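Peer 1: Provide a 3D model corresponding to the input given below.
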Amino acid sequence: MRWTEIDNMTCSIARALSVVGDCWTLLILRELFSRSRRFDEFQAQLRLSPYILSERLNKLIKHGVVRRRKYQDRPVRYEYRLTEKGLELYPLLLALLRWGDKWMAAETGPPVRLYHASCGHEMTPELVCSECGSRLHPRDVRPEYDPATAARRAAAVAKART
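Peer 2: Presented below is the predicted three-dimensional model:
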């Protein structure tokens with residue numbers, strides 16, 4: 001299977017990755033969550049070619065993750081804002097940030113600290129159960145596939161073993 005075909009998979013993770021699954025897109029999202037709004041701001045922070053930046057922004061717009069709004073006519077310039085769909089990617093970025101802080105930080109520690117606006121405290125993002133509030137660990141979560149997906153998965157494994 002080719003990278004350009006993963007959006008056809010019967011898997012929510014694969015479909016999500018077809019939109020946000022490359023490093024430049026994730027870094028553009030980081031900048032949007034850091035309140036960058038304009039093309040030149042993205043370019044200054046990411047040192048990315050205008051072509052690649054335009055391509056990634058257009059893909060995010062096409063998929064409804066970002067919206068573009070003109071703020072200047074001559075020359076025409078736009079600002080970019082996260083949509084509701086885009087804002088829902090925040091937990092993904094927080095999870096990557098937490099993992100990077102734990103496993104990839106420099107000796108001086110994490111380069112960014114997060115503070116919760118409501119209480120003012122420095123915070124560490126946590127993944128918790130929506131029902132009971134307990135912290136989640138992979139051993140504590142059990143996926144249940146719908147019948148069609150379970151059959152497809154079993155068939156793929158059987159085929160691979162022959």
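Peer 1: for the rest of this, base every contact and every neighbour count on C-alpha atoms.
Peer 2: Fine.
Peer 1: domains in the protein, by residue range?
Peer 2: Listed domain ranges for the chain are 1-88, 108-162 (source: automatic domain parsing).
Peer 1: what ranges does the chain have for its strands?
Peer 2: 66-72, 77-82, 114-115, 122-123 (DSSP state E).
Peer 1: okay, the domains of the chain, which one's buried deepest?
Peer 2: Neighbour counts (mean count of other C-alpha atoms under 10 Å) averaged over each of these peak at domain 1-88, with a mean of 14.
Peer 1: can you measure across it, start residue to end residue?
Peer 2: Start and end residues of domain 1-88 are separated by 28 Å (C-alpha to C-alpha, to the nearest Å).
Peer 1: next: stretch 123-142.
Peer 2: Span of stretch 123-142 from end to end, C-alpha to C-alpha: 28 Å.
Peer 1: repeat for stretch 67-81
Peer 2: With C-alpha to C-alpha, one end of stretch 67-81 sits 5 Å from the other.
Peer 1: quick one: average pLDDT of that stretch?
Peer 2: Averaging pLDDT along stretch 67-81 yields 96.
Peer 1: who's in contact with that stretch?
Peer 2: 32, 37, 38, 39, 61, 66, 82, 83 (C-alpha atoms under 8 Å, 6 or more residues apart in numbering).
Peer 1: just put the domains of the chain in TSV and tack on distance to residue 97.
Peer 2: Output for the domains of the chain, formatted as TSV (distance: least, C-alpha to C-alpha, whole Å):
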stretch	distance to residue 97
domain 1-88	10
domain 108-162	9
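Peer 1: of those, which is nearest residue 95?
Peer 2: With C-alpha to C-alpha as the measure, domain 108-162 is the member of the domains of the chain nearest residue 95 (7.2 Å).
Peer 1: can you report how many residues neighbour residue 92?
Peer 2: Using other C-alpha atoms under 10 Å, the number of residues around residue 92 comes to 11.
Peer 1: now the strands of the chain in a markdown table, with distance to residue 147?
Peer 2: Formatted as a markdown table, the strands of the chain follow (distance: least, C-alpha to C-alpha, whole Å):
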| stretch | distance to residue 147 |
| --- | --- |
| strand 66-72 | 34 |
| strand 77-82 | 35 |
| strand 114-115 | 42 |
| strand 122-123 | 40 |
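Peer 1: done for today, thanks.
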